[in-house]
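Peer 1: The sequence and its predicted three-dimensional model are supplied below.
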Amino acid sequence: MKIHFILLLIVINLYTLSAQHKYPESIATEVKTALLHYPELAEVPIEFKFKKRIKKSTMQAQPEFRSIFCSKSKRKYKVLISENFKIADTVYYTKNIPSKVLTGWLGHELGHIMDYQQRSGFNLIGFGLGYLFSEKSLKSAERRADTFAVLHGMESYILATKNFILNEAGFPEIYKNRIKRFYLSPEEIMILVEEREEKA
């Protein structure tokens with residue numbers, strides 16, 4: 001009887017995910033894996049969609065403009081995913097990124113949505129302007145997103161993403177330095193993990 005009940009809960013949970021979250025089938029595994037680390041977002045409408053190119057970014061999480069001033073429970077979000085991105089003279093195709101790395105990238109973007117969920121509509125407008133025009137605000141936003149991901153148990157994915165960028169993919173130093181400047185370092189991530197485990 002207990003097993004039937006557990007199976008029913010799993011089916012209901014998966015139905016809720018599919019009802020609230022839309023994503024291309026080609027990245028279904030990575031999206032579902034990332035979302036399972038964020039139970040708070042189970043009923044938050046999020047659409048994951050590919051885009052030809054995103055300026056200065058690989059992925060971008062944002063609230064749907066029409067829902068910014070809705071109550072937080074009715075706000076909708078989208079995660080835009082660049083089909084490819086060019087760094088220096090090299091074009092990288094998102095579909096060729098290792099699964100664990102892609103999951104980490106998505107987990108980071110869901111960290112942004114967790115951050116957005118804590119903000120009012122007016123605060124989101126100010127946040128967006130700060131993100132665009134202030135390096136200090138940009139750094140704070142990216143580190144908060146990383147922090148949300150780590151606190152939700154995604155450290156192995158986030159570390160895989162950072163290792164891919166810093167050591168494996170052959171990205172130019174200028175891009176690597178940007179990652180080091182604006183995001184949590186592997187050492188800072190491990191400190192967060194230790195603090196999380198001490199509180200558990």
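Peer 2: All right, it came through fine.
Peer 1: The residue nearest in space to the middle of the chain: what's its closest spatial neighbour, skipping adjacent residues?
Peer 2: Centroid-nearest residue in the chain, with CA atoms, centre = their mean: residue 109, separated by 1.8 Å. Setting aside the residues directly before and after it, residue 109 is nearest to residue 61 in space (CB to CB, 6 or more residues apart in numbering), at 4.1 Å. All C-beta atoms are positioned from the backbone trio N, CA, C, and that covers glycine.
Peer 1: List the beta-bridge partners for the one you found.
Peer 2: residue 79 (DSSP bridges).
Peer 1: In contact with it, which residues are there?
Peer 2: Residues in contact with residue 61 (CB atoms under 8 Å, 6 or more residues apart in numbering) are 77-80, 109-110, 112-113, 116.
Peer 1: Residue 49 is in contact with residue 81, isn't it?
Peer 2: Yes. Contact criterion CB atoms under 8 Å: residue 49 and residue 81 qualify, at 6.9 Å.
Peer 1: distance between the ends of stretch 80-91?
Peer 2: In stretch 80-91, first residue to last residue: 18 Å (CA to CA, to the nearest Å).
Peer 1: Of all the residues in that stretch, which ones are buried?
Peer 2: Buried positions in stretch 80-91, judged by neighbour count with 16 or more other CB atoms under 10 Å: 80-82, 85, 87.
Peer 1: before we move on, which element is the closest residue to residue 22 other than its chain neighbours in?
Peer 2: Excluding the flanking residues, the one nearest residue 22 by CB to CB, 6+ apart is residue 47, at 4.5 Å. Element membership of residue 47, judged by DSSP states H and E, is strand 46-51.
Peer 1: which stretches of this protein form strands?
Peer 2: 21-22, 46-51, 59-63, 77-82, 84-87, 90-93 (DSSP state E).
Peer 1: any idea of the mean pLDDT in the third one?
Peer 2: To tie it back to what came earlier, the one meant is strand 59-63. The average of the pLDDT scores along strand 59-63 is 94.
Peer 1: How much space separates the residue nearest to residue 83 when sequence neighbours are not counted from residue 184?
Peer 2: Closest residue in space to residue 83, ignoring its immediate chain neighbours: residue 50 at 5.2 Å, by CB to CB, 6+ apart. Look at residue 50 and residue 184: by CB to CB, to the nearest Å, they are 27 Å apart.
Peer 1: on that earlier part again, select from the contacts of residue 61 the one having the most neighbours.
Peer 2: Taking other CB atoms under 10 Å to define a neighbour, the member of these with the most is residue 110, carrying 28 neighbours.
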